[in-house]
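Colleague: A predicted structure for the sequence below; I have some questions about it.
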Amino acid sequence: MLSKYHLLFIICFSVTVARAQLSADFIIQNQSSTYCHPEDLTFVSTTTGGTMPYTYAWNFGFSPGIQSTFQTAYYIYFNCGTYTVTLTVTDATGQTDVKTQTITINCSPYGQFGMNDTTVCAGQKISFKDFSYTYNLPCTYNWNFDDPLSGLSNHSTAQNPEHQFETAGTYNVMMVIISPVGCTDTVHNTVSILPTPSITAGPDVTICPGSTTTLNASGATQYHWQPSVGLSNTYLATTYATPTVTTTYTVSTGSLGGCVAKDSIVVSVSPTGTADAGPNKMACIGDSVSLLATGLTSCIWTPSTGLNTTNTFNVNASPLNTTVYYASGIDLNGCQVFDSVIVYILPPPTANAGNDVTICEGTKVELSGTGGNSFQWEPANQVTNANSYHATASPSSTSTYTLTVSNGGSCTSVDTIVVTVLPKPLLVSSGNNYVCPGGYIQLSVSGASSYQWNADPSLSILNIPNPTATPTGSPTTYIVTGTAANGCQDTAHVIVYNKQPVEVKALPGGEVCPGSDIQLFAQGALSYEWFPTTGLDNPHIPTPVSSPPYSITYKVKGTDGCTADSTFVQVTVNAAGGVDASDDVQTFANNPVTLSAFGTGTFSWEPQGLVDCATCQTVQATVNETTTFVVTNYNEAGCRSEDTVVVFVGCNSDLIFIPNAFSPNGDGKNERFYIRTKGVQQFNYFKIYTRTGQCIFETNTSTIGWDGTFNGMKLPPGVFSYVAEVICSDNQKMILTGNVTLIR
């Protein structure tokens, strides 16, 4: 049997063994920021954790499945693109972990190029053409032509460059094509440069027209001359050239590789016609002309007939007949040249200016000359076409004209013609002619022997100087031709106007002040009449002066002898009343008083210094003695009027205030009895009396009043009398008496 207390311990242990976590990872051994296909990559697993050994399964993103089971795997990417590389790692306990990494394989261009020729001669250009496959990428290029002697031209960044090889030899041309991300491809091609043969055509030559020169080429075994024009042969080193114009001949040769050498020679043909014997000359029989040849180094003249010498450049020729002379010699290019000149012998001219003529003043005369083939009229400034056989003159007085004719050379002949100018009549017609509508007028013209008017049915007679005209229109122009005793004529125009109906116009009248005048004005007629004549200084002129006693409407009538018209002019006498000043005023010295003027318009007060506003209608006046003020008024019509107002300075009962009661009861109001006035200049005395005649108060000061007491005692209410003697501001003495009531 157990003891009272037994303790049973049961202890359980649980043991857990921790395993490290598997972490798959790998690196790219030859890792780069840019991969270009084909790209050979090495992948190395850097897996940690778990329990070794590991097993590996690689997939390089190109196709499903496992492409490698080694820790280090290799794969070549032959195509460009984006690939996901997956590494699956399993440890000894069966843990599995996966690591993926995405890589981009960029497209590499496939470079290739060609040339337009692989074998050329030195000094020729070769054009290179890019045929690369670029996957439509904007690639760049670097060329090396293996020609360091060409300096900077040995390299190019053009896609399709050209290069000129100056030295014979074999060159290995390299092109590097580069994609935008830096993927490249390098290709080479070989070109051969052949040496160029040499050939010499000789120096340029100059020949005269029709001459032959020998051309000699050297430096080759075969020759070909071009062009063939003017050559004796074209395939020999030596040939003869006879060109008619300056010609460039080119000789060429070839080599086994087809390289051609060329050289040229210029055969210049001296220009012809450099000799100049001068212009043809004209001379009269017996005259001598000078001939001058130019463009020659020596000169011979032929024929010698009429020449003073034959072997100088300048000779004098005096042939009896027209002769052709030749100047020949060697020109500046050494060639034989010549030129000719003709000396014409002209027959002597015979001038004929025509017969003398007589013309009327103001007319033209036609001048016609003969006897040569060139003409000159003098004075030239008085004729038209002065160098023609037919000229025109308009002399104002008798004149002589001289004609000089020649046959084209120095042979001349002279003749004259006298043109007598007869005066034409000076027609004088009447001035402007006016006729009343439907009336007639006698025309007048003088200054000729006979007269002829153009036919007009409104004329009475056509062949007299003073016919009667009855025109129907206005204006009407009559034309008259007058003939003088010498047969010369003149024409005059006489214009007749119909008088237009008179239209009288007048300026407006206006307003005048009583007793004033105004100038009236009318126009449009020849004579005037104003009525009524009241106030007018002259009723028969267009500009009378009106001094109307009252407002009047004048009528003015005007006439030009044919028609009459009238109009009216109103003259208004401004009857507005004049200024009216206020009544005279009584005041004491220096006391402002109000003065007023009644009316319209403007106002002016005199004297100006005694009023507060000299141009106001109502003013304040301040005077210290009696003054007369004059107010002047101009109403709206400008009429003047004036009135006066007198300000009397002094004192009277109206200006002195004496109360009739006062109440000295201590309320502060009306406590004393004063004589109140500003017009008193001096108090002689002021006395208060009882009804019994006792004087109870006396003073000579205006500021001391009676307080209703006597001998210090208040007097009872009652009526008291007073008497005062004062001197006013105008030195007037006044005695003031009356009663005052004392109120308590």
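Modeller: Now that the structure is in, tell me what you want to look at.

Colleague: make it CA atoms for all contacts and neighbour counts henceforth
Modeller: Will do.

Colleague: what residue ranges in the stretch 551-700 of the chain score low on pLDDT?
Modeller: The model of the stretch 551-700 of the chain has pLDDT under 70 over residues 575-577, 650-655, 678-679.

Colleague: Is residue 381 part of a helix or strand, or is it coil?
Modeller: Classification of residue 381 using DSSP: H, G, I helix; E, B strand; the rest coil returns helix.

Colleague: tell me the contacts of it?
Modeller: By CA atoms under 8 Å, 6 or more residues apart in numbering, residue 381 lies in contact with nothing.

Colleague: go on, residue 278?
Modeller: Residues touching residue 278, when contacts are defined by CA under 8 Å, 6+ apart, comprise 291-294, 341.

Colleague: got it, and residue 392?
Modeller: Residues touching residue 392, when contacts are defined by CA under 8 Å, 6+ apart, comprise 364-367, 383-385.

Colleague: What sits closest to it if chain neighbours are left out?
Modeller: Nearest residue to residue 392, sequence neighbours excluded (CA to CA, 6 or more residues apart in numbering): residue 366, at 4.7 Å.

Colleague: Off-centre distance for stretch 458-473?
Modeller: Relative to the chain's own centre, stretch 458-473 is displaced by 63 Å; criterion: CA atoms, centre = their mean, to the nearest Å.

Colleague: Endpoints of that stretch, how far apart?
Modeller: Taking CA to CA, to the nearest Å as the measure, stretch 458-473 stretches 10 Å from start to finish.

Colleague: before we move on, what about stretch 586-600?
Modeller: By CA to CA, the extent of stretch 586-600 from end to end equals 27 Å.

Colleague: which one is residue 288 nearest to, not counting chain neighbours?
Modeller: Beyond its immediate neighbours in the sequence, the residue positioned closest to residue 288 (CA to CA, 6+ apart) is residue 318, lying 4.6 Å away.

Colleague: I figured that neighbour hits residue 284, correct?
Modeller: No: contact status for residue 318 versus residue 284: not in contact, 9.3 Å apart, counting by CA atoms under 8 Å.

Colleague: circling back: list just the nearest of the contacts of residue 278 to residue 399.
Modeller: Using CA to CA, residue 291 is the member of these that sits closest to residue 399, with 42.7 Å.

Colleague: circling back: next, count neighbours for the residue nearest to residue 288.
Modeller: The burial metric for residue 318, expressed as a neighbour count using other CA atoms under 10 Å, is 21.

Colleague: where's it relative to residue 289, distance?
Modeller: Separation of residue 318 from residue 289 (CA to CA) stands at 7 Å.

Colleague: now do residue 179
Modeller: To residue 289, residue 179 is 92 Å away according to CA to CA.

Colleague: Those two: who's more crowded?
Modeller: More neighbours surround residue 179 than the other of residue 179 and residue 289, with 21 against 16 (other CA under 10 Å).

Colleague: In space, what's closest to the more buried one - neighbours in sequence excluded?
Modeller: residue 139 is the one closest to residue 179 (CA to CA, 6+ apart), at 4.6 Å.

Colleague: which ones are touching the one you found?
Modeller: Residues in contact with residue 139 (CA under 8 Å, 6+ apart) are 177-180.

Colleague: Quickly name whichever of those is closest to residue 723.
Modeller: Each of these was scored against residue 723 by CA to CA, and residue 180 proved nearest at 140.4 Å.

Colleague: Quick check: nearest residue in space to the closest one, chain neighbours excluded?
Modeller: Using CA to CA, 6+ apart and skipping residues adjacent in sequence, the residue nearest residue 180 is residue 139, 5.9 Å away.

Colleague: on that earlier part again, distance of the residue nearest to residue 288 relative to residue 344?
Modeller: Between residue 318 and residue 344 the distance is 10 Å, computed by CA to CA.

Colleague: now do residue 360
Modeller: Here the distance between residue 360 and residue 344 works out to 45 Å (CA to CA).

Colleague: So, low pLDDT: which residues of this protein?
Modeller: 1-19, 254-257, 272-273, 408-409, 431-432, 575-577, 650-655, 678-679, 729-730.

Colleague: ok, which stretches of it are helices?
Modeller: With helices called from DSSP state H, the chain shows none.

Colleague: which residues does residue 310 contact?
Modeller: If you count contacts by CA under 8 Å, 6+ apart, residue 310 has them with 300-302, 304.

Colleague: Go again with 10 Å.
Modeller: The contact partners of residue 310, taken as CA atoms under 10 Å, 6 or more residues apart in numbering, are 299-304, 316, 327.

Colleague: What of residue 701?
Modeller: Counted by CA under 10 Å, 6+ apart, residue 701 has contacts 674-675, 682-686.

Colleague: For it, what are phi and psi?
Modeller: The phi and psi values for residue 701, taken as degrees, to the nearest 10, are phi -120, psi 130.

Colleague: ok, it to residue 663 distance?
Modeller: 21 Å.

Colleague: how near is residue 331 to residue 268?
Modeller: As judged by CA to CA, residue 331 and residue 268 stand 15 Å apart.

Colleague: Between the two, which has more neighbouring residues?
Modeller: Using other CA under 10 Å as the criterion, residue 331 and residue 268 rank with residue 331 on top: 22 against 18.

Colleague: How many residues are close by the closest residue to residue 364 other than its chain neighbours?
Modeller: Of all residues not flanking residue 364 in the chain, residue 394 sits nearest, at 4.6 Å (CA to CA, 6+ apart). Taking other CA under 10 Å as the criterion, the count of residues near residue 394 is 18.
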